[in-house]
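Visitor: whatever this is, show me its structure:
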Amino acid sequence: MRPILLKTLKILALQGGTRHSVHISSTELAKKLEISQQSASRHIINLEKKGYIQKKYAQGGQIVNINDKGLAVLRKEFTEYGLIFGTEKNVEMVGTLETGLGEGGYYISKEGYMKQFDKKLNWKPFKGTFNLRLNDDEVPKIEAMKAAEGILIEGFEEEGRTFGKAWIFKCTLETDDGEIVKKCAIISPKRTHYKRVVEIISPTFLRKNLGAEDGAKFRINVDLGDT
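Guide: Have a look, this model is predicted:
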């Protein structure tokens, strides 16, 4: 959605449009948007054409109702601001299973990590990660997760090599059939803004136990901990 249309929708919502019909004139809307009356009228028309609102003309302006599609956009915006300012305790993401390069399994199998997983999660993970690729619109959720506290896994040295810190976030995993795996965690090896793939660890071989193949969709519910 274009920013100006989102702003217009927000103004309608702030007039009470998420709860009831709103009576507003193009002139009044133009003042709130700080644009011309013609532009304000055009934005209302565009919102209606795109299915975000319904409107009918009335004396002195128009009566506007925000549709379910418009409410969904506003809820998404609300959720993202909640993530930005740390008010959300959980976040849901949907990812597509893909085969990784095996690097995650190599790193988590190190005893220095395994001992900490066992202490902080009360289980040791299977020596491999379950990799899910997220859509572009899930990026704010990834960033919110990385900004949250998480559970710190300390770095260590082993055989003359240094292994860095990692952060884990407890989560659950749900299949399209509604099967839920409760013992899971996302592992983030560093606080960087990078690829749209999340790596999930679990005490079981998830791919085998779920009979999952690349391309399968999963819903992840992540506990952000202390935000």
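
Visitor: select the longest helix from the protein.
Guide: Identified as the longest helix of the chain according to DSSP state H is helix 68-84.

Visitor: A strand includes Tyr113, no?
Guide: No. According to DSSP: H, G, I helix; E, B strand; the rest coil, Tyr113 belongs to no strand; its state is helix.

Visitor: next, give phi and psi for the closest residue in space to it that isn't next to it in sequence.
Guide: Nearest residue to Tyr113 in three dimensions, chain neighbours excluded: Ile153, at 6.2 Å (Cβ to Cβ, 6 or more residues apart in numbering). Just so you know, the C-beta spots here come from the backbone N, C-alpha and C atoms, and that holds for glycine as well. Phi and psi for Ile153, reported as degrees, to the nearest 10, are phi -110, psi 120.

Visitor: picking up where we left off before, could you dump the longest helix of the chain to PDB, C-alpha only?
Guide: Taking Å, rounded to 0.1, in the frame of the first residue of the first chain, the C-alpha atoms of helix 68-84 are listed here in PDB:
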ATOM      1  CA  ASP A  68     -12.000  -6.300   6.600                       C
ATOM      2  CA  LYS A  69      -9.100  -5.800   4.100                       C
ATOM      3  CA  GLY A  70      -8.500  -2.300   5.500                       C
ATOM      4  CA  LEU A  71      -8.700  -3.500   9.100                       C
ATOM      5  CA  ALA A  72      -6.100  -6.200   8.200                       C
ATOM      6  CA  VAL A  73      -3.700  -3.600   7.000                       C
ATOM      7  CA  LEU A  74      -4.100  -1.500  10.100                       C
ATOM      8  CA  ARG A  75      -3.600  -4.600  12.400                       C
ATOM      9  CA  LYS A  76      -0.400  -5.400  10.500                       C
ATOM     10  CA  GLU A  77       0.800  -1.900  11.000                       C
ATOM     11  CA  PHE A  78      -0.100  -2.000  14.700                       C
ATOM     12  CA  THR A  79       1.700  -5.300  15.200                       C
ATOM     13  CA  GLU A  80       4.800  -4.000  13.500                       C
ATOM     14  CA  TYR A  81       4.900  -0.900  15.800                       C
ATOM     15  CA  GLY A  82       4.400  -3.200  18.800                       C
ATOM     16  CA  LEU A  83       7.500  -5.100  17.600                       C
ATOM     17  CA  ILE A  84       9.500  -2.000  17.100                       C
END
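
Visitor: quick one: list the elements packing against that helix.
Guide: helix 3-12, helix 139-147 (3 or more Cβ pairs under 8 Å, 6 or more residues apart in numbering; DSSP states H and E).

Visitor: list the buried residues of the first one.
Guide: Counting neighbours by 16 or more other Cβ atoms under 10 Å, one finds that the buried residues in helix 3-12 are Leu5, Leu6, Thr8, Leu9, Ile11, Leu12.

Visitor: cheers, nothing more for now.
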